[in-house]
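**Student:** Here is a sequence with its predicted model. Questions after.
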Amino acid sequence: MGIDIPAQAQIDLTAPVGVQLSRILRDSIVQNLLEPGTRLSEAEIGARFGLSRQPVREAFIKLSEEGLLEIRPQRGTFVRRISLDAVMDARFVREAVEADIVKACAAAPPAGLVADLRAQIAEQQRLVGEGPAGFVPLDDRFHRTLAEGAGRPNAWSVIEGMKSQMDRVRQMTIANFPLAHLIVQHTAVVDAIEARDPAAAEAAMRSHLQMILQDLPAIRDTFPAYFEPSGE
């Protein structure tokens, strides 16, 4: 079975290759192009990108530390199934951090923030019906803009570093449930910021990030092979 990595994914050999390869493989796993159980070959990945085995091995180790790959001695490297515990931990931390972020934005919105966010929502609306591939980057941009607006760009970096498992579920959620509802929730957050109402902004963000709790059972029932069995 071939490795399902987008044909347009390329490595710039003039820049650090390990970071680029980790990102390409992470994106392919998060987008469920590389399904749980897929065996990854150092030789095949190296040949695909014109790399030696060493940077490929280093990328595998990094992604195993993130819980996306499992390195089995003498057997190979495999895409891991989704850990529900990791999803729930990431959601819990993300909600706590982003609730404070939007409260700060609503208390003192920086110039241009609301206009920027509304322009992003308009861009999101143009993608309704086109699936998760294009929407997820816009969703991340929306939340990153909020962190920057609150003067806490590093907070988004922290969130981004721990949400890989949550993102795998987000991809399946967006692919199987209407995007319009997410856009309504984004709009409620921006409305509260524009009204300078920190309490409403916090409530809107918490409701938005808790939606995964409602969708998770249906997603797991639809894709049982993607998830670790309970208790693992």
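**Tutor:** Thanks, I have it.
**Student:** Kindly indicate whether Glu70 is helix, strand or coil.
**Tutor:** strand (DSSP: H, G, I helix; E, B strand; the rest coil).
**Student:** That one: what's it in contact with?
**Tutor:** Shown in contact with Glu70 (C-beta atoms under 8 Å, 6 or more residues apart in numbering): Ser64, Thr77, Phe78, Val79, Arg80. For every residue, glycine as well, the C-beta is placed using N, CA and C.
**Student:** Please convert these to JSON lines, extending it with distance to Trp156, neighbour count and pLDDT.
**Tutor:** Formatted as JSON lines, the contacts of Glu70 follow (distance: C-beta to C-beta, whole Å; neighbours: other C-beta atoms under 10 Å; pLDDT from 0 to 100):
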{"residue": "Ser64", "distance to Trp156": "24", "neighbour count": "15", "pLDDT": "94"}
{"residue": "Thr77", "distance to Trp156": "29", "neighbour count": "21", "pLDDT": "96"}
{"residue": "Phe78", "distance to Trp156": "30", "neighbour count": "17", "pLDDT": "96"}
{"residue": "Val79", "distance to Trp156": "26", "neighbour count": "21", "pLDDT": "96"}
{"residue": "Arg80", "distance to Trp156": "25", "neighbour count": "20", "pLDDT": "95"}
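**Student:** Inside helices: which ones of those?
**Tutor:** Ser64 (DSSP state H).
**Student:** Let's have the contacts of Glu70 in TSV, adding distance to Ala86.
**Tutor:** Shown next, in TSV, are those (distance: C-beta to C-beta, whole Å):
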residue	distance to Ala86
Ser64	13
Thr77	19
Phe78	17
Val79	14
Arg80	10
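**Student:** Which of the contacts of Glu70 sits closest to Leu51?
**Tutor:** Using C-beta to C-beta, Thr77 comes nearest to Leu51 of those, at 15.2 Å.
**Student:** thought the closest one was touching Arg39?
**Tutor:** Yes. Thr77 is within contact range of Arg39, at 7.0 Å (criterion: C-beta atoms under 8 Å).
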